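# no sequence for this one, just the structure:
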């Protein structure tokens, strides 16, 4: 799972009790990211972060919907593997409409600005 440290404080500051924004995490490695592992890992990032995993085909369908890339890459020197993938923060509305995306390198200040704007009452 990718490190979320740059966003953790931003999420805590931006969304302490907000119901306007629901952070979600969708794995691209369902073999390792089981529901049990996500349940342990994700609350350390944000208490309201909800994780999704599923069968490989379900994950592929989600990736296609968001035009995300991922591929399992076997390591030549061991039985282990890595998952190469795009890494974006996708922004959607309450009914699933696409609002945009931010790169995984977006700093906490910018992410805070965007989340506060999107969670404003006028939305």
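Yep, it's here. Just so it is clear, the structure is predicted and the values come from calculations on it, not from any experiment.

# Give me the neighbour count for the closest residue to residue 24 other than its chain neighbours.
Nearest residue to residue 24, sequence neighbours excluded (Cβ to Cβ, 6 or more residues apart in numbering): residue 50, at 5.3 Å. (Each C-beta comes from the backbone N, C-alpha and C, glycine too.) By other Cβ atoms under 10 Å, the residues close to residue 50 number 12.

# Verify the contact between residue 50 and residue 35 for me.
No: applying Cβ atoms under 8 Å, one finds residue 50 not in contact with residue 35, separated by 11.2 Å.

# Where does the prediction get shaky in the chain?
Applying pLDDT under 70 to the chain flags residues 1-21, 121-123.

# which residues of it fall in helices?
Under the criterion DSSP state H, helices of the chain are mapped to 5-14, 35-41, 56-65, 108-118.

# Residue 80: which of these is closest?
helix 35-41 (16.1 Å; Cβ to Cβ).

# how close does the residue nearest the centre of the chain sit to residue 70?
The structure's the chain has its C-alpha centroid closest to residue 25; by Cα atoms, centre = their mean the separation is 3.4 Å. Distance, residue 25 to residue 70, using Cβ to Cβ, to the nearest Å: 14 Å.

# Next, show the common contact partners of the two.
Here residue 25 and residue 70 have no joint contacts, going by Cβ atoms under 8 Å, 6 or more residues apart in numbering.

# hang on, the earlier thing: tell me the contacts of the residue nearest to the centre of the chain?
Neighbouring residues of residue 25 by Cβ under 8 Å, 6+ apart: 38, 42, 45, 49, 50, 51, 52.

# Could you check how many residues crowd around the fourth one?
It stands for residue 49. 20.

# Need the nearest residue in space to the residue nearest to the centre of the chain, chain neighbours excluded.
The spatially closest residue to residue 25, leaving aside those adjacent along the chain, is residue 51, at 4.6 Å (Cβ to Cβ, 6+ apart).
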